[in-house]
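> No sequence on hand, only this structure:
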């Protein structure tokens, strides 16, 4: 997906948020904003991928802060999702269509996105949201078509912390269907995304045949500097399952496939690019 | 007021809004955003006034659009405020402290800011807001101190369309108190701000002894390129009444005074700079 005009403001808003989260003082915030503006000035054009420009914008700011500003938020996200996991797990078990229900739960994990809006400290609110989002169901549902491909080699690209806790349910379903799974996390901490550390701490390594990372600092899948091993995995997949918007933003610039995008359409550019309504739970397969 | 780190994102958000309002297509929006990013890249530093950088950001975009994107919004703002004027006028007439009530009404005019959020088409919503804002009253009230200075030469710096309709009530009170009034509007269309055209169309010229403008394209008062006549007026004033945030952002960089700022603290930087809470109606005098 190419960057949209409105992405520029959203990127700067995110930079402000992450400097606050990282405890930056005002002079550091000026410096961070200046770096972000410099990156926009260098890269902003209708031809660049939204996630590639986002990577450039965040890179300088992470170096300036000298730490992962989302570290605490990510930990809390996982904790709170773990409290919801038994409820979600029961839903899948009791469902007439457990695969579809597991897809829905994993997308709802994408909705919550605790790191972004500061409400992750209130488990009751999350429980409340979880129920209403389950009732919402899938606004776009290609799970029947996904199922046909899910017994082969599946490369599963994770997204946020918190969300990854719910991915367990879908990974379990995929295993039952005979899938051979490669689980992929981010190579370095970026935003609220899950890394190897999360897979280890959540004991999720045994849910996949192989666990690997995107290797480098990048929002989404770094197709502009593609790690060879990841390229091989994606080329040999019968089905790529890509969680969240950043994976869509990057993979839509490539010819890998077939890809099932499981995400909440949280912003207008991504919704528009995918031909979907904003603020729906979507499982959309591109063959 | 110096620019705050978070002003950068707000400026870009505003640019998106005004290109949409101006009916720009997507390629124009890319070009507008690029111009705005260029201006931020050129000017953003902890030393620059927030309104001066905003002027630079908007200037290129106005030239690109080749028209005033807020023209319709400004007209509608005035229309809807005129519908509320009789109610506000009656409030002032029936008040035990008509000066203070007129100040409050003129600040509430600043709150509504119809151009910004698209809700100006619904007069009922505005009527509703108007009542609750009146009940809120002044969160900071220096009207007693203002009154002492208000019988001399008053330079009255207007802000938005819509808002200017309510300024009539305060101008009437000032006249009753013996003030000799110079009314100042923007020299060229900028954002939703009132210009000479509004003064003429609203028949407000006779409420002041003199009506003049800031002469050039600028957010607030262009102290960085100050028109001589405006400088003389401000130097000779017994009281400057400055409506809205942009006038505060610029005049706080100068030594003119005494100045009474009448505004709604709509953003964190201005509230913080003035030592006030966000989202209050404030009449704050700086001697």
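In hand now; what should we look at? A quick note: this is a predicted structure, and the numbers were derived from the prediction, not measured.

> count of residues packed around residue A:95?
14 (other C-beta atoms under 10 Å in any protein chain shown). For the C-beta atoms, the positions are set from N, CA and C on the backbone; glycine is no exception.

> With the one 3 residues further on instead?
By the measure other C-beta under 10 Å, the count of residues near residue A:98 is 17.

> what's near enough to touch the residue nearest to it when sequence neighbours are not counted?
The shortest distance from residue A:98 to any non-neighbouring residue, by C-beta to C-beta, 6 or more residues apart in numbering or on different chains, is to residue A:92 (5.0 Å). Going by C-beta atoms under 8 Å, 6 or more residues apart in numbering or on different chains, residue A:92 touches A:98, A:101, A:102, A:105, A:169, A:173.

> quick one: which of the residues you listed is nearest to chain B?
residue A:105 (33.3 Å; C-beta to the nearest C-beta).

> Which of the helices or strands spans the closest one?
Element membership for residue A:105, per DSSP states H and E: helix A:98-112.

> quick one: average confidence on that helix?
Across helix A:98-112, pLDDT averages out at 90.

> What is it packed up against?
helix A:71-94, helix A:123-136, helix A:143-149, helix A:163-176, strand A:259-264, strand A:281-286 (3 or more C-beta pairs under 8 Å, 6 or more residues apart in numbering or on different chains; DSSP states H and E).

> mind checking how far the last one is from the chain centre?
Read that as strand A:281-286. Chain-centre distance of strand A:281-286: 14 Å, with C-alpha atoms, centre = their mean, to the nearest Å.

> got the angle for that strand vs helix A:98-112?
Strand A:281-286 runs at 110 degrees relative to helix A:98-112, counting by axes from the mean of the first three to the mean of the last three C-alpha atoms, to 10 degrees.

> Show me which residues of chain A are close to chain B?
A:5-6, A:8-9, A:12-13, A:15-16, A:19, A:26-27, A:29-30, A:32-34, A:36-38, A:40-41, A:44-46 (C-beta under 8 Å from any C-beta of the partner chain).

> List the ones among these that fall in helices.
The helices, defined by DSSP state H, take in A:8-9, A:12-13, A:15-16, A:19, A:26-27, A:29-30, A:32-34, A:36-38, A:40-41 from the residues of chain A next to chain B.

> what's the neighbour count on residue A:26?
Around residue A:26 there are 11 residues (other C-beta under 10 Å).

> Please give me every residue in contact with it.
By C-beta under 8 Å, 6+ apart, the contact list for residue A:26 reads residue B:5.

> same deal with residue A:280?
With C-beta under 8 Å, 6+ apart, residue A:280 has these contacts: A:136, A:138, A:139, A:140, A:264, A:265, A:271.

> And for residue A:252?
A:1, A:273.

> what's the spacing between it and residue A:220?
In this view, residue A:252 and residue A:220 are 10 Å apart by C-beta to C-beta, to the nearest Å.

> and what of residue A:261?
Distance, residue A:261 to residue A:220, using C-beta to C-beta: 12 Å.

> so what's in contact with the two at the same time?
Joint contacts of residue A:261 and residue A:220 (C-beta under 8 Å, 6+ apart) are A:247, A:248, A:251.

> Tell me which residues touch the second one, please.
Spelled out, it's residue A:248. Residue A:248 sits next to A:1, A:220, A:242, A:261, A:263, A:270, A:273, A:274 when contact means C-beta under 8 Å, 6+ apart.

> same thing but 6 Å
Contact partners of residue A:248, counting by C-beta atoms under 6 Å, 6 or more residues apart in numbering or on different chains, are residue A:261.

> where does chain A have its least confident helix or strand?
helix A:114-117 (a mean of 49; mean pLDDT, DSSP states H and E).

> and residue A:241, backbone torsions?
Backbone torsions of residue A:241, given as degrees, to the nearest 10, read phi -110, psi 120.

> who's it bridged to?
residue A:156, residue A:260 (DSSP bridges).

> What confidence value was assigned to it?
98.

> The one 10 residues further on now?
The predicted local distance difference test score for residue A:251 is 98.

> So it versus residue B:250, what's the distance?
Per C-beta to C-beta, residue A:251 is found 48 Å from residue B:250.

> of the two, who's got more company?
residue B:250 (27 against 23).

> Which residue comes closest to the more buried one once chain neighbours are left out?
Computed as C-beta to C-beta, 6+ apart, the closest residue to residue B:250 that is not its neighbour in sequence is residue B:220, at 3.4 Å.
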